[in-house]
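[1] the following block contains a protein sequence and its predicted model.
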Amino acid sequence: MALKVYYDLLSQPSRAVYMFVKLNKIPFEDKPVALRKGEHFTEEFAKINPFNLVPVIDDNGFKLTESVAILKYLSCKYNLPDHWYPRTDLRAQARVDEYCNWQHVNTRGSAAMLFRHLLIIPKAKNQPIDMGKVEKCRESVRTVIAGLEKYYLKSQPFLCGNDISIADILGACELLQLYAVHEENLYESSPVVKAWMQRVRERLQPAFDEASKMVYRTREVTKSSLGSNL
């Protein structure tokens, strides 16, 4: 039975998992879940993931619901090149784990909240953008960018070393969410982070652009609606 991957390309961690299986040519059964239609709240999907979130994988009855765990599991199960998630070098593995733990309340937490305050929350509540909260989110993102530059990318081309890993996929997907709402200047203002984003994007082609098509589409849609807030 083929691996089933449940995802929505509007979801940052979903894009990371989708890119990963595509890049590594892992056979899988496509299971798109339209978040905008509320399909993640259906009774049927709740049987797949009672937390009503994507991504999820179902590997012949073994269900896994967290993107970081999914990427590590797939790396090990399919014996993928060690640079994705090191298994032979304990310290290299620890570096990837370090970023994966850090990113939840940093890269992901800050970028996702800015996206939500600029697009999701105003639309859901039919209210104007709260620019006070937006500015706080922007400051949080700037702090994260400084951390990426001064710690993770201080002396190496990728977040955890000299080669790309699952950490880079996760990080790039989170920051690209800012591109959807025209806030990419927050990471492009750092030459180091901007160059890293470009390296990751190039290494992950063509899967990167394929998985990011909803981001590019959202950017076009939001250009006029965000107006003077850009």
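    Done, it's in. These numbers were taken from a predicted model, which means no experiment stands behind them. Numbers count the residues shown, from 1 in each chain.
[2] how far off centre is the helix ranked longest in the chain?
    In the chain, with assignment by DSSP state H, the single longest helix is helix 131-147. Its chain's C-alpha centre and that of helix 131-147 lie 18 Å apart, by C-alpha atoms, centre = their mean, to the nearest Å.
[3] could you look up the next helix or strand downstream of it?
    helix 166-180 (DSSP states H and E).
[4] that next one packs against which elements?
    On a contact count with 3 or more C-beta pairs under 8 Å, 6 or more residues apart in numbering; DSSP states H and E, helix 166-180 meets helix 12-23, helix 67-77, helix 90-102, helix 107-115, helix 185-188, helix 191-203, helix 213-226. For the C-beta atoms, the positions are set from N, CA and C on the backbone; glycine is no exception.
[5] hey, what's the angle from that helix to helix 12-23? Just curious.
    120 degrees (axes from the mean of the first three to the mean of the last three C-alpha atoms, to 10 degrees).
[6] so how far is helix 166-180 from its chain's centroid?
    5 Å.
[7] what is the mean pLDDT for that helix?
    The pLDDT scores in helix 166-180 average 98.
[8] buried ones in stretch 92-110, by neighbour count?
    92-93, 95-97, 99-100, 102-103, 106-110 (16 or more other C-beta atoms under 10 Å).
[9] domains of this protein?
    The record's domain parsing of the chain by automatic domain parsing lists 3-77, 90-229.
[10] separation between the closest residue to residue 108 other than its chain neighbours and residue 207?
    Spatial nearest neighbour of residue 108, excluding adjacent residues (C-beta to C-beta, 6 or more residues apart in numbering): residue 174 at 4.9 Å. Taking C-beta to C-beta, to the nearest Å as the measure, residue 174 falls 17 Å from residue 207.
[11] which one's more surrounded, these two?
    Under the neighbour definition other C-beta atoms under 10 Å, residue 174 and residue 207 were set side by side, and residue 174 has more, 23 against 18.
[12] my guess is the more buried one contacts residue 114. True?
    No. Between residue 174 and residue 114 there is no contact under C-beta atoms under 8 Å: 10.6 Å.
[13] mind checking pLDDT for residue 221?
    According to the model, residue 221 scores 89 on pLDDT.
[14] residues near it, how many?
    Residue 221: 11 neighbours (other C-beta under 10 Å).
[15] list the contacts of it.
    By C-beta atoms under 8 Å, 6 or more residues apart in numbering, the contact list for residue 221 is empty.
[16] thinking again about what came up before, report the angle between the longest helix of the chain and helix 107-115.
    150 degrees.
[17] give me the buried positions along helix 131-147.
    Those would be 134, 137, 138, 140, 141, 144, 145, for helix 131-147 by 16+ other C-beta under 10 Å.
[18] can you dump the C-alpha coordinates of it into PDB?
    What follows is helix 131-147 as a C-alpha-only set of coordinates in PDB (Å, rounded to 0.1, in the frame of the first residue of the first chain):
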ATOM      1  CA  MET A 131      -1.400  47.500  12.600                       C
ATOM      2  CA  GLY A 132      -0.300  47.600  16.300                       C
ATOM      3  CA  LYS A 133      -0.200  43.800  16.300                       C
ATOM      4  CA  VAL A 134       1.400  43.700  12.900                       C
ATOM      5  CA  GLU A 135       4.300  45.800  14.000                       C
ATOM      6  CA  LYS A 136       4.800  43.600  17.100                       C
ATOM      7  CA  CYS A 137       4.900  40.600  14.700                       C
ATOM      8  CA  ARG A 138       7.300  42.300  12.400                       C
ATOM      9  CA  GLU A 139       9.600  43.000  15.300                       C
ATOM     10  CA  SER A 140       9.400  39.400  16.300                       C
ATOM     11  CA  VAL A 141      10.400  38.300  12.800                       C
ATOM     12  CA  ARG A 142      13.300  40.700  12.800                       C
ATOM     13  CA  THR A 143      14.600  39.000  16.000                       C
ATOM     14  CA  VAL A 144      14.300  35.600  14.300                       C
ATOM     15  CA  ILE A 145      16.200  36.800  11.300                       C
ATOM     16  CA  ALA A 146      19.000  38.100  13.500                       C
ATOM     17  CA  GLY A 147      19.100  34.700  15.200                       C
END
